[in-house]
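[1] Just need the structure, nothing else, for what follows:
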Amino acid sequence: MNSNQPLLTSFKMGDLTLKNRIIMAPMTRSRSNNKEHAPTVLQAEYYKQRTSAGFIISEGSQVSTRAVGYINTPGIYSEEQVKGWEIVTKEVHKAQGRIFVQLWHVGRISHPDFHNGELPLAPSAINPNSKSFTPKGFKETVTPKEMTLEEIKQTVQEFKNAAINAKKAGFDGIEIHSSNGYLFHQFFNNFSNQRTDDYGGSKENKTRFFFEVLDEIIKIFPENRIGVRFNPSMHNLHGIIIDEETIPLFEYVIQKLNNYNLAYVHLSEPFTDVSKVKYAVQNIAEHFRPLYNGTLMINSNFDQEKGNNIITNGFADLVAYGKLFISNPDLPERFLKNAPITKCDTKTFYSDTGAKGYTDYANYIEDI
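    Numbers count the residues shown, from 1 in each chain. Sure, this is the predicted structure:
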């Protein structure tokens, strides 16, 4: 039993007191296999099982039909979806847990199969040359439709409407998914955004859409109940390429966020080896910690020791765990007891297997 671990200490995040610093990361699990793409009692059980986390960030939830890019992912734009999420939040709260919803728009990482043959939306008409997981299997991405100014305004409103729905559904807060090569990240990057209007060119213009959405969501949720997520050193994935303007743009964004009183900024360490990538930053938390005055969360392949160390070193306040929470619903308890970690079955991550590989992982039982 080791209760002296930094990960297991409480933390004040805005007006919330977290019981520990072990956060459940947002993870797509593709279990909303119904006509309405709404969460069900299965998702409610899944999240309830993991309420030992300091708080939970839900799987990415699309803000509109145009935001969809993966099969069987839940949305938060319809009445049926709100009712489904309400079942989830009630079960989480009954178990004394907290849950934020992650608002999601995949942009060009989609396929016409999801949009009745229409092209997916993006900042510029540039094919990411990636793969889209459609109802008919993996397909090559296509050249998307460059968003008009009116479509950008509509999308800002879709995020605001999603925030309104999140409040109706009983979520404790919101995370804006501005990471991992999806729509906001596409606006940030020179290889996906070649606009010449107010949404392209300078870092102020490339981040305008993101800040417009943030400013609208603040009208619905208090600033200290809103988190944002970025992946600054993501490279050569979903058509995102690091160049000399990439890290300065994220530095600009992070420093500008000091003007807000957000719940947290959620950063990812590089998904791939970027040690030989010019202009990339290898240690994201260490690089950005001095630039941000608020709560900093970090993720990507952390284990127990690495998580404790990064908090001890002062580079982050919270650590988000993904895969470990899939197969260890009682992860904080296992860290407390230094108990064995159950491996997850990767074959059931996104497949329509119902409870298998989803809610059937057991809590640790100590040998007596």
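[2] Which positions in stretch 175-187 come out as buried?
    The neighbour-count check on stretch 175-187 (16 or more other CB atoms under 10 Å) flags 175-187 as buried. (Each C-beta comes from the backbone N, C-alpha and C, glycine too.)
[3] Just the terminal-to-terminal distance for that stretch.
    18 Å (CA to CA, to the nearest Å).
[4] tell me the average confidence for it?
    The average pLDDT for stretch 175-187 rounds to 98.
[5] which secondary structure elements does the helix or strand residue 43 falls within contact?
    According to DSSP states H and E, residue 43 maps onto helix 41-49. In terms of contacts (3 or more CB pairs under 8 Å, 6 or more residues apart in numbering; DSSP states H and E), helix 41-49 is packed against helix 79-94.
[6] Where does the prediction get shaky in this structure?
    With pLDDT under 70 as the threshold, the chain has low-confidence stretches at 1-2, 367-368.
[7] Where is the longest helix in it?
    Counting by DSSP state H, the longest helix found in the chain is helix 149-169.
[8] what about the helix or strand that that helix is followed by, distance to the chain center?
    For helix 149-169, the following helix or strand on the C-terminal side (DSSP H and E) is strand 173-177. From the chain centre to the centre of strand 173-177 is a distance of 7 Å (CA atoms, centre = their mean, to the nearest Å).
[9] Who does strand 173-177 pair with, and is each partner parallel or antiparallel?
    strand 99-104 (parallel), strand 226-230 (parallel) (DSSP bridges).
[10] hmm, who's touching the last one?
    Right, strand 226-230. Residues from elsewhere that reach strand 226-230 (CB atoms under 8 Å, 6 or more residues apart in numbering): 26, 57, 100, 102, 173-179, 185, 214, 217-218, 250, 253-254, 257, 262-268, 297.
[11] So which of the residues you listed are in strands?
    Judged by DSSP state E, strands contain the following of the contacts of strand 226-230: 57, 100, 102, 173-177, 264-268, 297.
[12] residues in contact with residue 306?
    With CB under 8 Å, 6+ apart, residue 306 has no contacts at all.
[13] contacting residues around the host helix or strand of residue 187?
    Remark: residue 187 resides in helix 183-188, with elements defined by DSSP H and E. Contact partners of helix 183-188, identified using CB under 8 Å, 6+ apart, comprise 67, 105-108, 121-123, 155, 176-179, 192-193, 199, 206-207, 209-210, 213, 230-231, 234, 238, 240, 246, 249-250, 253.
[14] Look up how far residue 216 lies from the closest residue in space to residue 356 that isn't next to it in sequence.
    Nearest non-adjacent residue to residue 356, counting by CB to CB, 6 or more residues apart in numbering: residue 348, 5.6 Å away. Note on residue 348: its distance to residue 216, by CB to CB, to the nearest Å, is 37 Å.
[15] Out of the two, name the residue with the larger neighbour count.
    For residue 348 versus residue 216, neighbours defined as other CB atoms under 10 Å are more numerous around residue 348 (19 against 16).
[16] How about the contacts made by the more buried one?
    By CB under 8 Å, 6+ apart, residue 348 lies in contact with 356, 357, 358.
[17] Would you mind measuring from it to residue 38?
    Taking CB to CB, one finds residue 348 at 21 Å from residue 38.
[18] next one: residue 74
    Residue 74 is 6 Å from residue 38, by CB to CB.
[19] neighbour count winner among those two?
    Applying other CB under 10 Å to residue 74 and residue 38 shows that residue 74 carries more neighbours, namely 27 against 20.
[20] Surely that one and residue 85 touch.
    Yes - judged on CB atoms under 8 Å, residue 74 makes contact with residue 85 at a distance of 7.4 Å.
[21] Quickly list what's touching both of these two.
    Joint contacts of residue 74 and residue 85 (CB under 8 Å, 6+ apart) are 38, 39, 61.
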